[in-house]
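**Student:** Next come a sequence and a model predicted from it.
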Amino acid sequence: MEKWVLIDGNSIAYRAFFAMPPLTNSAGMHTNAVFGFTQMLLKLLEEEKPTHMLVAFDAGKVTFRHEGYEEYKGGRQKTPPELSEQFPVLKETLKAFGIAQFELEGYEADDIIGTLTRIADERGVQAVVVSGDKDMLQLASDNVTIALTRKGVSEIEPYNPEAIQEKYGLKPLQIIDLKGLMGDTSDNIPGIPGVGEKTALKMLHEFGSVENVLANTDSLKGKMKEKVETHKEDAIMSKKLATIFREVPIENKADEIAYGGYDKATLAESFRKLEFKSLIERLDLNASDASGADAVPADSSYELIIVDESTSPETLTEALAGTECVYIEAVGENAHQAQLLGLALSAGERVFVLTYDTLMGAAGEPVRSWLTDPEAPKQGYDLHKAELALAWHGIELRGTSFDVMLAAYLLDPTESDQTLSFLAGKYGIPSIASDEAVYGKGAKFKVPEPDTLARHLAQKAAGVKRLIPLQYDELEKNGMSNLYFDLEQPLSVVLASMEKKGIKVNPEVLQELGGELERNIAQYMSDIYSHAGMEFNINSPKQLGEVLFEKLQLPVIKKTKTGYSTDAEVLEKLEPYHEIVRLILHFRQLSKLQSTYVEGLLKEIRQDTGKVHTYYRQTIAATGRLSSQFPNLQNIPIRLEEGRRIRKAFVPSEPGWYMLAADYSQIELRVLAHISGDEKMKEAFVNDIDIHTKTAMDVFGVQQEQVDANMRRQAKAVNFGIVYGISDFGLSNNLGIARKDAARFIEQYFEAFQGVRGYMDNIVMQARRDGYVTTLLERRRYLPEIKASNFNLRSFAERTAMNTPIQGTAADIIKLAMVKMDKVLEERGLRSRMLLQVHDELVFEVPEDELETMKTLVPEVMESAIQLDVPLRADVNFGVNWYEAK
DNA sequence: TGAATCACG
DNA sequence: ACGTACGTGATTCAC
C-alpha cells in the first residue's frame, strides 16, 4: 500500500520559523525553522510511515496568478532574512533525509501538491497533504487527507471531507467559493469587502457557490446586496485566484517521490553541522552502523597517494619537505593506550597516507625521522594525543607548532564536540566523515579496509589544512594569539612530557590499605544489615532509600528526580534519628576509597613502568583549567585522614629521591583582589594577613582579637561564595543559616569590599554587552544565556561570568608557571621532574642533592609567573611520598 | 546510558 | 516568585 506525504515547504517553514524560539548554531547561523521543520518531518515519518514523500516549494516571484492580477500576494511582509537564509539549509537537510523536493518556475507549492493529489486520486493512492494553509482543504477527497498545522508546528489536525463538512458545512471544493467571497488578506485576495467567514458560510449554505450567490443577489438585503453587486468581479477573480491549479507539468515525475528512508550517517552529519544534538540522541544516530567504505567519499581536490614499500624514499623526502600539515590517527579515549592507525601528510595538491604498518616498516623511516625532527614544524589535530600514542610505539614527536583542536578549544572552550568532522562542518569545509561512520563504535569498532582508511585520513589532513588559516585569523582577531602560541601550545608539550614520565605508585601500600578497608567494610555491612533487619545493597540509592524512608520511617529531607535523596548532606541531618545513618556514612566513605582509589588505582599501574600515567586534558574545562583522566590524579583524597593515606602510595621513581609539592596560597582570592582592584583586599594580601580573618573582621565589624573560629569559618564560606558568584541561597545552604542572614552577610561583605562589588556588577554587565568574559590572558568564555529570559539559566550565566575570570586567571597563572618551570629545569640541567598539576599545586620528584635548590626554586618560579598588584605566594613541602609532602 | 554519589581544587 | 553555589572524573546501580 502506497502512502504519500506531500508537504507545503514554504508554509511549514514559515510556521516553524514563527513558532520556534530563536536558535542559532555556534557559527551564528539561524536554525530554528529548520529545527521545527525537522521535528515535523520526524513526526510524519513515524506516524504516517510514508512510502512516498515530497516537499514542494514556491519558485520565482511571478506565477500565473499574477497575470491579470498583479497585486496577488502584494503588500506581504518581506520574508525576514533570518528565515530566508534558512531555505538553502533546509533544502540540504531534506537531501540528507533523502526526501524529494520539487519547485517549478511560475507555480506555487500548492499547485505542485494539487497536481500530485489529483494523480493520487486517479490512482486511488492514500495521500496526506501537510500545510498551514486552509486553501489546501479544497484538495481533500476520499484518498486525500489535509493535515493543517496548529499551534505552530507541534500539532497537526487532519481533515477529510467529513471533517470539513462538520466544521464548515461545505464540500472540499466549496472552500474555493469561501475564499472567493471572503478573500484572503495574506495573499492580498480581495473577496467582497465586509464579507467575513460567517457571512460567506451563510451565503454558501444557502446558494452553494459564488456563481449562485451572484445570481441571487435579489434575495440579499440592504447594504449587503449593494456590496455584493458592486464587487461581483472581485468575487469571480478571487475565486479564480484561490483555485489550486492541478495540471502542473510534472505528471512524469510522480514516481520520483518514492521514499526509501534516510541514511543514519548522512543525517547525523547534517544534524551535527546544525548542532541538533538532541535530535542526534533521539534518533540514536550515534549508533549508526559503521558502513566504512561508503561513509568516506573520494575527494578530487587533491591527489591521494598511498605510501607503501614501493614508494621511493626520494618521493617521500620531497613530500615531507613540502608538508604543511599532518593528521595522525590515534583512536581510543586513553591516549596512552590509543591504537595508531596511520597518518596523512598534506603537501600542496597531494596527500600522502601511511597506514600503521607502513609507518613502522622500512618505507616509513623517512617519515619517522621527520616526526622526530624538532626543526620540522608540524601542524595537525590533537597532536598531544598523537605524541603520547607515538611515544608508546617508540616514536618521539617533536616540533609541534599548531593544533586545530587546541585552537578550537580556545576559540570556544564550551563546545563539547571537538571532532574534526564537527569542526570542519562549523567552518563550512566539505564534509569529513564522522569517525563513528567509518569505524563504528563500542563493540562494533572495526578498522576499515586500507583504501577506505586512507581516504578518511587524507580527508582529515586536507580538512586540517583548510582550518588552520581560518583559526589563525580568528585567534588574532580575538587577541588570543599570545595565549595560544606563548602558553597553550608550549604547555601541551610540557604536559605530554609529564604524562610520559608518569608517577610511581607502590602497589603494596595500596594492597595493605585495601585489606584493611575490606575488613572494615565487611564489619560495617553486617552492622548495617542488623540495624536494618535485612540484607540489601547499600550502594544502591534506591534500595537504601527504601530501607531508610520506608522500613525505618526516617523523615524525607530531600528528593531527587528518581526518588529519595540519600547523599551525605541528607544523611548528616538524619544522624540523630537512627544509629544506622552514621554507619552508612562510614561505609560510603570506605567503599569510595576501596573502589575508586585502591582498586581503581591498582588497575591503572602499568606493569612495564610500575607507574600510573595520567592523561591531562587541555581542551575540556570551560574555565581553562586542566582535567585529568585514566586515572584522575587531581582528586586523590586529602581532606580526611583515612583517605589521605592513599597518598602514601605515591612515591619517587628513583631510590633516595623525594616527592616535593608546592601550592599557591589563596590564588583565586589574590586574583580577585587584582582584577577587582579592591584596595582593602589588596592591602590584606600585601601585608600577608590571613584573608578569612580579615574578611571576618570586616563582615562582623570586630577587631582581629575578637574573631573566633566560628566567625572565621563563616567568613571563609563567604569568600568561597564570592569566588563562585555569590547568592544568598547558596551561602545560606552552605552555612546552614537563614537566607536572610546570608543576604546580610553578603551585603556587609560588599559594604566592606566595595571594589569587589564593583567588579561583580561590572563583569555581569560586560558579559551582557559582549556575550563573553575573559581572563587576564584573554582566555574567553561565551555566555549566551546571560540574556536568557529564564531566571535559572540567566542566574547561572551571571554566576559563571563572575567565577570564570577568577578561576580561569588562576588557571592561566599556574600554566605559565609550568611552562616556565619546565624551561628552568632544562636550562639548569636539573634532574628533578615535574609530575603532576592539581589546579593550584605542582608535584615533583627530586633527587636528594637538588632538594635545597628545588625548595627555593619552585616557589620562586610559581610566584613570579606573572606580576599582579598583589604578591603571589607558594608554599613548598617535601617527603618520601606524596602524603609526607605536606 | 544517565542518574546519583563523592573525591579533588 | 523563580531555586543554585564554580570547575572536574570515577564508580555504581538500574533502565
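**Tutor:** Noted; the coordinates are in hand.
**Student:** Could you use CA atoms for every contact and neighbour count after this?
**Tutor:** Fine.
**Student:** Determine how far the lengthiest strand in chain A lies from the middle of the whole chain.
**Tutor:** Using DSSP state E to define each element, chain A has its longest strand at strand A:339-347. Relative to its chain's centre, strand A:339-347 lies at 27 Å (CA atoms, centre = their mean, to the nearest Å).
**Student:** by contact count, what packs against it?
**Tutor:** helix A:313-321, strand A:325-331, strand A:350-355, helix A:356-360, helix A:383-391, helix A:450-477 (3 or more CA pairs under 8 Å, 6 or more residues apart in numbering; DSSP states H and E).
**Student:** can you rerun that using 7 Å?
**Tutor:** strand A:325-331, strand A:350-355, helix A:356-360, helix A:450-477 (3 or more CA pairs under 7 Å, 6 or more residues apart in numbering; DSSP states H and E).
**Student:** Within its sheet, name the partner strands of it and how each one runs.
**Tutor:** strand A:325-331 (antiparallel), strand A:350-355 (antiparallel) (DSSP bridges).
**Student:** Return the residues of the stretch 601-750 of chain A in contact with DNA strand C.
**Tutor:** A:601, A:617, A:620-623, A:627-632, A:635, A:717-718, A:720-722, A:724-731, A:734-735 (CA under 7 Å from any atom of the strand).
**Student:** try 6 Å
**Tutor:** A:620-623, A:627-632, A:717-718, A:720-721, A:724, A:726-727, A:729-731, A:734 (CA under 6 Å from any atom of the strand).
**Student:** Can you flag which of the residues you listed belong to strands?
**Tutor:** Short answer: these in strands (DSSP E) are A:627, A:628, A:629.
**Student:** Report the buried members of these.
**Tutor:** A:627, A:628 (16 or more other CA atoms under 10 Å).
**Student:** Just the buried ones from the residues of the stretch 601-750 of chain A next to DNA strand C, in PyMOL syntax?
**Tutor:** To isolate the buried members of those in PyMOL, using 16+ other CA under 10 Å:
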select buried, chain A and resi 620+622+623+627+628+630+631+632+717+718+720+721+724+726+727+730+731
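**Student:** now for the strands paired with strand A:339-347, which one comes closest to DNA strand C?
**Tutor:** strand A:325-331 (16.5 Å; CA to the nearest atom of the strand).
**Student:** Please name the nearest non-neighbouring residue to the residue most central in space within chain A.
**Tutor:** Nearest to the mean C-alpha position of chain A, by CA atoms, centre = their mean, lies residue A:416 at 3.7 Å. Nearest non-adjacent residue to residue A:416, counting by CA to CA, 6 or more residues apart in numbering: residue A:620, 7.7 Å away.
**Student:** for residue A:101, same thing?
**Tutor:** Nearest residue to residue A:101 in three dimensions, chain neighbours excluded: residue A:55, at 4.7 Å (CA to CA, 6+ apart).
**Student:** Next up, the contacts around the one you found.
**Tutor:** A:6, A:7, A:8, A:9, A:100, A:101, A:102 (CA atoms under 7 Å, 6 or more residues apart in numbering).
**Student:** OK, contacts around the residue of the stretch 401-550 of chain A found nearest DNA strand C?
**Tutor:** Of all residues in the stretch 401-550 of chain A, the one sitting closest to DNA strand C is residue A:540 (3.8 Å; CA to the nearest atom of the strand). Not one residue lies near residue A:540 by CA under 7 Å, 6+ apart.
**Student:** That one and DNA strand B, how far apart?
**Tutor:** If you measure residue A:540 against DNA strand B using CA to the nearest atom of the strand, to the nearest Å, the figure is 8 Å.
**Student:** So residue A:845 is in contact with residue A:660, correct?
**Tutor:** Yes - judged on CA atoms under 7 Å, residue A:845 makes contact with residue A:660 at a distance of 6.0 Å.
**Student:** Report all helices and strands that the helix or strand that contains residue A:715 contacts.
**Tutor:** Assigned by DSSP states H and E, residue A:715 belongs to helix A:709-724. Other elements packing on helix A:709-724 under the criterion 3+ CA pairs under 7 Å, 6+ apart are helix A:691-700, helix A:728-735, helix A:791-827.
**Student:** what's the closest of these to residue A:246?
**Tutor:** Comparing those against residue A:246 with CA to CA, the closest turns out to be helix A:791-827 (50.5 Å).
**Student:** close to DNA strand C, is that closest one?
**Tutor:** Yes - Helix A:791-827 comes into contact with DNA strand C (CA under 6 Å from any atom of the strand), by way of A:791, A:796, A:799, A:800, A:803.
**Student:** Near DNA strand C, which residues of chain A? Just list them.
**Tutor:** A:539-540, A:542-543, A:595-596, A:600, A:620-623, A:627-632, A:717-718, A:720-721, A:724, A:726-727, A:729-731, A:734, A:791, A:796, A:799-800, A:803.
**Student:** Smallest gap between the stretch 251-400 of chain A and DNA strand C, at which residue?
**Tutor:** Closest residue of the stretch 251-400 of chain A to DNA strand C, CA to the nearest atom of the strand: residue A:334 (9.0 Å).
**Student:** Now do the contacts for that residue.
**Tutor:** Contacts of residue A:334 (CA under 7 Å, 6+ apart): residue A:630.
**Student:** residues making contact with the helix or strand containing residue A:163?
**Tutor:** Applying DSSP H and E as the criterion places residue A:163 in helix A:161-168. For helix A:161-168, contacts defined as CA under 7 Å, 6+ apart pick out A:140, A:141, A:170, A:171, A:172.
**Student:** from memory the first one sits against residue A:172, does it?
**Tutor:** Read that as residue A:140. Yes - between residue A:140 and residue A:172 a contact is recorded at 5.8 Å, counting by CA under 7 Å.
**Student:** ok, the two, which is more surrounded?
**Tutor:** residue A:140 (26 against 23; other CA atoms under 10 Å).
**Student:** residue boundaries of the helices in the stretch 101-250 of chain A?
**Tutor:** A:109-123, A:161-168, A:174-182, A:197-207, A:210-215, A:222-230, A:232-242 (DSSP state H, counting those that start in this stretch).
**Student:** For the closest residue to DNA strand B within the stretch 301-450 of chain A, the count of nearby residues, please.
**Tutor:** Residue of the stretch 301-450 of chain A nearest DNA strand B, by CA to the nearest atom of the strand: residue A:442 (7.8 Å). Residue A:442 has 9 neighbouring residues, counting by other CA under 10 Å.
**Student:** Output the below-cut-off pLDDT ranges for chain A.
**Tutor:** Chain A contains residues with pLDDT under 70 at A:27, A:60-61, A:75-77, A:152, A:154, A:286-294.
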